[in-house]
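Student: below are the sequence and a predicted model for it; my questions follow.
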Amino acid sequence: MAAKILAFSGSLRKDSLNRKLLWQAGQLAAFHGAEFREINLNDFELPFYNSEIQEVGFPAAADRLKAEVDEHDAILIVSPEYNHSFPAVVKNAIDWLSRYRPNPLSGKQGMLMSASPGMVGGNRGLWHLRQPLEVCGVHVHPNMFSLANAGDAFADDGTLKDAAMQRRLEETIISYIHLIDKVRR
């Protein structure tokens, strides 16, 4: 049975650099035998987490997101960096998911990636994103992937122009899939 990876971008923009990187990660994951499902957080209109809302009942969008997480072995998040951290939409999704019992994130294998037009590649935001995921029991892969100067990084076919960087991305995805498979055995 193939590793089942649920993936989403922390950017809500249709043509964001992070969505381009997510698409390429999905292509590589599928090529290497994983079942890869990309969701769009725009399709899960979650109110900001509020315990008063939860007391009345979880929003339908939160239930749908939980069901997606439950169906997968792993979660890949490709997130931009906002003010040296990560977007509120990602934090809000984590906050809602963490309120379910049992926590659907617990025990999942995580991978974090980012793409940025800047020189740091969004790496600072990924370090912040690790923390709430690890608190929720996600086993975040030790190798994160940050793509600096991403505005000029993609070829017309969606691959990375720099062959060494494309190889590094593929090796990171392969390592992630192997880890998922090893843990599932």
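Tutor: The structure has been received and is ready for your questions. Residues are numbered from 1 along each chain as shown.

Student: measure Pro117 to Asp152 for me?
Tutor: Here the criterion is CB to CB, to the nearest Å. By it, Pro117 lies 8 Å from Asp152. (Glycine included, C-beta is placed from N, CA and C.)

Student: what is the burial count for Ser175?
Tutor: 14 (other CB atoms under 10 Å).

Student: got the phi and psi for the spatially most central residue of the chain?
Tutor: Using CA atoms, centre = their mean, the residue of the chain that lies closest to the mean C-alpha position is Ile77, 0.9 Å off. Ile77 adopts backbone torsions of phi -120, psi 130, taken as degrees, to the nearest 10.

Student: what of the one 5 residues further on?
Tutor: Taking degrees, to the nearest 10, you get phi -110, psi 120 for the backbone angles of Tyr82.

Student: quick check: pLDDT value at it.
Tutor: In the prediction, the pLDDT value recorded for Tyr82 is 94.

Student: cool, and the one 4 residues further on?
Tutor: Here, the pLDDT recorded for Phe86 equals 96.

Student: same question for the one 5 residues further on.
Tutor: pLDDT, Lys91: 98.

Student: higher neighbour count, Pro117 and Asp152?
Tutor: Pro117 (15 against 8).

Student: ok, now how distant is the more buried one from Ala60?
Tutor: In this structure, Pro117 and Ala60 are separated by 36 Å, where distance is defined by CB to CB.

Student: next one: phi and psi at Ala7?
Tutor: Given degrees, to the nearest 10, the pair of backbone angles that Ala7 has is phi -130, psi 150.
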